[in-house]
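**Student:** Sequence unavailable; structure follows:
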Ligand code: COA
């Protein structure tokens, strides 16, 4: 029997920490569906399409990985994808409470669903998407934290955003 897991997340942006989880999970599962969530409570820098596109580029030569996005409940999406396995990474104790709450809530919605946790390698436990965005916004390098395609796009996007806001500031001062 083929084992498929859904790896859901906001991935804004996708980091080397996420990559680490997927690379290790590929030894456990036959197929991993990396799925970008439409998360209404998070203000994101990349659109869903941009995030999907970036992740597709990272795994373009890998038939074990499918890249997708979803709206609504994760349990419904997993059903649609004909799997009852969710994959999540756990970085530290502080992730535990949130992850446990989600896993239990999902199990309440679908008792057949299992959440499998992988502990993030120690090199990546401090990484988060927000931290990376902050580093790049303030002119730092995220080269060691994200795949190359992500870094390029992130720099383009955040520099454009900064350029736009400084033009706006100059206009405001001039008016
Ligand atoms: N390495 C580095 N960073 C990691 C990581 C890893 N291995 N694993 C998680 N993170 C970071 C992310 O970068 C992100 O950082 P940020 O908060 O600075 O953006 C943070 O951990 C959490 O992000 P993520 O794993 O993407 O989870 P999320 O909380 O954004 O989304 C969903 C979780 C999408 C799975 C959840 O909201 C969901 O299921 N939504 C669908 C609606 C639903 O069914 N709701 C009921 C759920 S019970």
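**Tutor:** Sure, I can see it. Quantities reported herein were computed from a predicted structural model and do not represent experimental measurements.
**Student:** Distance of residue 22 relative to the ligand?
**Tutor:** Distance from residue 22 to the ligand, counting by CB to the nearest ligand atom, to the nearest Å: 9 Å. (Glycine included, C-beta is placed from N, CA and C.)
**Student:** does that residue count as helix, strand or coil?
**Tutor:** helix (DSSP: H, G, I helix; E, B strand; the rest coil).
**Student:** Spit out the contact partners of it.
**Tutor:** 7, 32, 34, 59, 65 (CB atoms under 8 Å, 6 or more residues apart in numbering).
**Student:** Kindly report the same for residue 81.
**Tutor:** Taking CB under 8 Å, 6+ apart, one finds 4, 6, 33, 68 in contact with residue 81.
**Student:** Any stretches of this protein with poor pLDDT?
**Tutor:** 162-175 (pLDDT under 70).
**Student:** So which residues of it form strands?
**Tutor:** For the chain, applying DSSP state E gives strands covering 4-9, 31-37, 65-70, 85-90, 114-119.
**Student:** Tell me which of the ones you listed approaches residue 130 most closely.
**Tutor:** Smallest distance to residue 130 across these (CB to CB): 13.1 Å, for strand 4-9.
**Student:** Need the contact partners of the closest one.
**Tutor:** 18, 21-22, 25, 28-37, 70, 74, 77-78, 81-83, 85-88, 116.
**Student:** repeat for stretch 48-59
**Tutor:** 11-14, 19, 22, 34, 36, 38, 44, 46, 65, 67-69, 147, 149-150, 153.
**Student:** and if you look at stretch 117-134?
**Tutor:** 10-13, 15-17, 20-21, 24-25, 45, 87-92, 99, 142, 145-146, 154, 158.
**Student:** could you flag which of those residues are buried?
**Tutor:** With burial judged by 16 or more other CB atoms under 10 Å, the buried subset of these is 10-13, 15-17, 20-21, 25, 45, 87-91, 99, 142, 145-146, 154, 158.
**Student:** Residue 145 reaches residue 136, doesn't it?
**Tutor:** No: counting by CB atoms under 8 Å, residue 145 stays clear of residue 136, with 9.2 Å between them.
**Student:** Please enumerate the shared neighbours of the two.
**Tutor:** Joint contacts of residue 145 and residue 136 (CB under 8 Å, 6+ apart) do not exist.
**Student:** Those residues of the chain touching the ligand, which are they?
**Tutor:** 8-12, 15, 17-18, 21, 37, 39, 42, 73-74, 89, 91, 102, 105-106, 120, 124, 127-130 (CB under 6 Å from any ligand atom).
**Student:** Show only the entries of those residues found in helices.
**Tutor:** 17-18, 21, 74, 102, 105-106, 129-130 (DSSP state H).
**Student:** Of those residues, grab the buried ones for ChimeraX.
**Tutor:** A single ChimeraX command suffices to select whichever of those are buried according to 16+ other CB under 10 Å:
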select :17,18,21,74,106,129
